[in-house]
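[1] Attaching a predicted model along with its sequence, questions to come.
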Amino acid sequence: MRQRCRPGQSADCFALQYTQIAITGEYTELPGDLKHTVSFTATKPDGSLLFTTTQDVSQVTSRKVSLFYEPETVEDQELINSYGGLSNTPSYLVHLRPLLKIDGERIIVAQDGLLMGAD
């Protein structure tokens with residue numbers, strides 16, 4: 001049963017609504033093993049890894065998480081430019097690499113890319 005606080009009583013009266021059984025630890029910052037995380041992984045169709053990253057859920061919550069693709073090399077970018085943009089470029093000519101952004105900030109970029117017209 002919750003006790004009622006009266007003027008002049010100690011601060012203990014304003015404690016939690018439940019009975020405290022034990023204090024298992026006190027931290028100035030939550031340890032990593034107690035934080036929830038989310039992992040992002042990109043792979044090629046053959047299963048080989050393009051990138052993987054793990055972020056704290058608190059860093060991702062209520063933020064815009066986006067997967068983008070950019071030209072893998074400068075040569076791929078120049079080829080896209082020569083055709084007047086990606087939508088005009090034959091898909092079998094360029095490789096694109098995935099990148100993950102959170103609120104517009106680049107978090108991780110794959111080192112390798114994928115053929116744009118591949119499955």
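    In hand now; what should we look at? Numbers count the residues shown, from 1 in each chain.

[2] Would you indicate which residues of the helix ranked longest in the chain are buried?
    Secondary structure of the chain per DSSP state H: the longest helix is helix 74-82. Buried positions in helix 74-82, judged by neighbour count with 16 or more other C-beta atoms under 10 Å: 76, 79-80. Quick note: C-beta positions are derived from backbone N, CA and C, even for glycine.

[3] again with stretch 107-119
    Neighbour count says stretch 107-119 has 107-108, 110, 113-114, 116 buried, by 16+ other C-beta under 10 Å.

[4] And it, how far out from the chain middle?
    Centroid separation for stretch 107-119 versus its chain: 18 Å, with C-alpha atoms, centre = their mean, to the nearest Å.

[5] With stretch 59-68 instead?
    On C-alpha atoms, centre = their mean, the centre of stretch 59-68 falls 6 Å from that of its chain.

[6] Tell me the buried residues in that stretch?
    By 16+ other C-beta under 10 Å, the buried positions in stretch 59-68 come out as Val60.

[7] Could you do stretch 36-53 as well?
    40, 42, 50-51.

[8] What about those residues, which are in strands?
    Counting by DSSP state E, those place 40, 42, 50-51 in strands.

[9] Widest-spaced pair of those residues?
    Checked with C-beta to C-beta, these reach their widest spread between Phe40 and Leu50, with 10.7 Å between them.

[10] all strands of this protein, in order?
    37-43, 49-56, 65-71, 95-102, 105-109, 114-115.

[11] Give the rounded mean pLDDT of stretch 90-101.
    Mean pLDDT, stretch 90-101: 94.

[12] Apologies, that question was intended for stretch 36-46.
    Rounded mean pLDDT across stretch 36-46 is 93.

[13] cool, stretch 111-119 as well?
    In the prediction, stretch 111-119 has an average pLDDT of 83.

[14] now stretch 68-83
    Here stretch 68-83 scores 95 as its mean pLDDT.
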